[in-house]
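*Asks:* Provide a 3D model corresponding to the input given below.
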Amino acid sequence: MASEGRRPERVARLFESLLIMKFPIILDANGDVDLFSSVSKAESSVEYIDVNNYVYVGYDAEGRLLRIYSVGYRVFFELAEDEPHHAADLAFALRRFLLALGTPSDHVNALTLEGLVELAFKIKGT
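*Replies:* This next block holds a predicted model:
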């Protein structure tokens, strides 16, 4: 079967994603941000219907875009890119999130991406 031939490629791609991916995983749902210390935590926390409705934009901690998809009721994450081409988008999402929580703007605006991820994880990470 043709689908069986693609299965090893998918497994290899998922394994490669895990080697490159930097944690936590960050999900932005129109300004509501969630952070997860592992792929399994993220996959078990996200509902397949939300994935199918494109509710989330996912990133690794360095700003690599994640591909989020479902097979049946199961949700999966893998890297959509090898380089962190979306670091600015991630920083914007984290700043927006932290400011909405009332974090002082001078503090938020002074943080690097690494600092934004660290602060957001302290507030809402699992």
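*Asks:* Which helix or strand in this protein has the lowest average pLDDT?
*Replies:* Of the helices and strands making up the chain, the lowest-confidence element is helix 2-20, at a mean of 64, by mean pLDDT, DSSP states H and E.
*Asks:* contacting residues around the helix or strand following that one?
*Replies:* Counting by DSSP states H and E, the next helix or strand C-terminal to helix 2-20 is strand 25-29. With CB atoms under 8 Å, 6 or more residues apart in numbering as the test, strand 25-29 has contacts from 33-36, 38-39, 42, 46, 50, 55-61, 66, 68, 77, 90, 93-94, 97, 117, 120. Every C-beta, even on glycine, is put in place using the N, C-alpha and C of the backbone.
*Asks:* Quick check: buried residues in strand 25-29?
*Replies:* 25-28 (16 or more other CB atoms under 10 Å).
*Asks:* got the CA positions of stretch 80-88 in CSV?
*Replies:* Presented in CSV, the C-alpha positions along stretch 80-88 are these (Å, rounded to 0.1, in the frame of the first residue of the first chain):
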residue,chain,number,x,y,z
ALA,A,80,7.1,23.2,10.0
GLU,A,81,10.6,24.7,9.6
ASP,A,82,14.1,24.0,10.6
GLU,A,83,15.2,27.6,11.3
PRO,A,84,13.3,29.9,13.7
HIS,A,85,11.9,32.2,11.0
HIS,A,86,8.9,33.2,13.2
ALA,A,87,10.8,34.5,16.3
ALA,A,88,9.4,38.0,15.8
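*Asks:* quick one: contacts of that stretch?
*Replies:* 20, 59-60, 62-67, 113.
*Asks:* Tabulate those residues in TSV, adding columns for neighbour count and distance to residue 106.
*Replies:* Shown next, in TSV, are those (neighbours: other CB atoms under 10 Å; distance: CB to CB, whole Å):
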residue	neighbour count	distance to residue 106
20	15	34
59	29	25
60	24	27
62	17	25
63	21	23
64	22	29
65	18	29
66	24	31
67	13	36
113	17	17
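*Asks:* Inside strands: which ones of those residues?
*Replies:* 59, 65-67 (DSSP state E).
*Asks:* still on that earlier bit, what's the farthest-apart pair in the contacts of stretch 80-88?
*Replies:* Spatial extent of these (CB to CB) is set by the pair 67 and 113 at 20.7 Å.
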